[in-house]
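Novice: below are the sequence and a predicted model; questions follow.
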Amino acid sequence: MAKVEFLNEQSFKEKVFNFEVNKDWVFEGDLPCMIDFYADWCRPCQMVAPILEELQQEYEGKINIYKIDTEVERTLAGMFGIQSIPSLLFVPKEGQPQMAVGALPKETFKKAIADVLLVS
């Protein structure tokens, strides 16, 4: 059973983007992914968490869903200019990632997974 995975700076470089090696965006992952920038105290983030767990089950083997704690991983939060949380980064296999902000309903996530990540 696939679980949402928590990333730190090191695992982010291995699985998403190695910013020490590349200036321009180069995706390191095998599957498109969604990254949830969150904090434990954030109520909207808590509302999104179970939706992301459900999506990880539904899209198992098609996408990866990661979480980054903005309180701990300040470098990563700063790199993406995270101002408000939750912020969700949709990272396709090819092309530039796209950010969505706020506690979105599940259907909106599914639409973004289809439109941005090109996964149905």
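Specialist: All right, it came through fine.
Novice: distance from stretch 27-43 to the middle of the chain?
Specialist: Centroid displacement of stretch 27-43 relative to its chain, using C-alpha atoms, centre = their mean, to the nearest Å, is 2 Å.
Novice: what stretches of the chain score poorly on pLDDT?
Specialist: 1 (pLDDT under 70).
Novice: which helix is the longest one in it?
Specialist: Secondary structure of the chain per DSSP state H: the longest helix is helix 43-58.
Novice: what packs against that helix?
Specialist: strand 33-38, strand 64-69, helix 106-115 (3 or more C-beta pairs under 8 Å, 6 or more residues apart in numbering; DSSP states H and E). Glycine gets a C-beta too; all of them are placed from N, C-alpha and C.
Novice: residue 84: which of those is closest?
Specialist: Comparison of these against residue 84 by C-beta to C-beta identifies strand 33-38 as nearest, at 9.4 Å.
Novice: contacting residues for the residue most central in space within the chain?
Specialist: Nearest to the geometric centre of the chain sits residue 35, at 0.8 Å (C-alpha atoms, centre = their mean). The neighbours of residue 35, taking C-beta atoms under 8 Å, 6 or more residues apart in numbering as the test, are 7, 16, 65, 66, 67, 68, 88, 89, 91.
Novice: how about the third one: which residues does it bridge to?
Specialist: Yep, that's residue 65 we're talking about. Beta-bridge partners recorded for residue 65 (DSSP bridges): residue 34.
Novice: tell me, how many residues neighbour it?
Specialist: By the measure other C-beta atoms under 10 Å, the count of residues near residue 65 is 23.
Novice: what do you get for the fourth one?
Specialist: Residue 66 has 22 neighbouring residues, counting by other C-beta under 10 Å.
Novice: contacting residues around it?
Specialist: 4, 5, 6, 7, 12, 15, 16, 33, 34, 35, 36.
Novice: which non-adjacent residue is nearest the second one?
Specialist: The one in question is residue 5. The shortest distance from residue 5 to any non-neighbouring residue, by C-beta to C-beta, 6 or more residues apart in numbering, is to residue 66 (5.3 Å).
Novice: can you give me the separation between the residue with the largest distance to the centre of the chain and residue 91?
Specialist: Residue farthest from the centre of the chain, counting by C-alpha atoms, centre = their mean, is residue 21 at 20.7 Å. Residue 21 sits at a distance of 17 Å from residue 91 (criterion: C-beta to C-beta, to the nearest Å).
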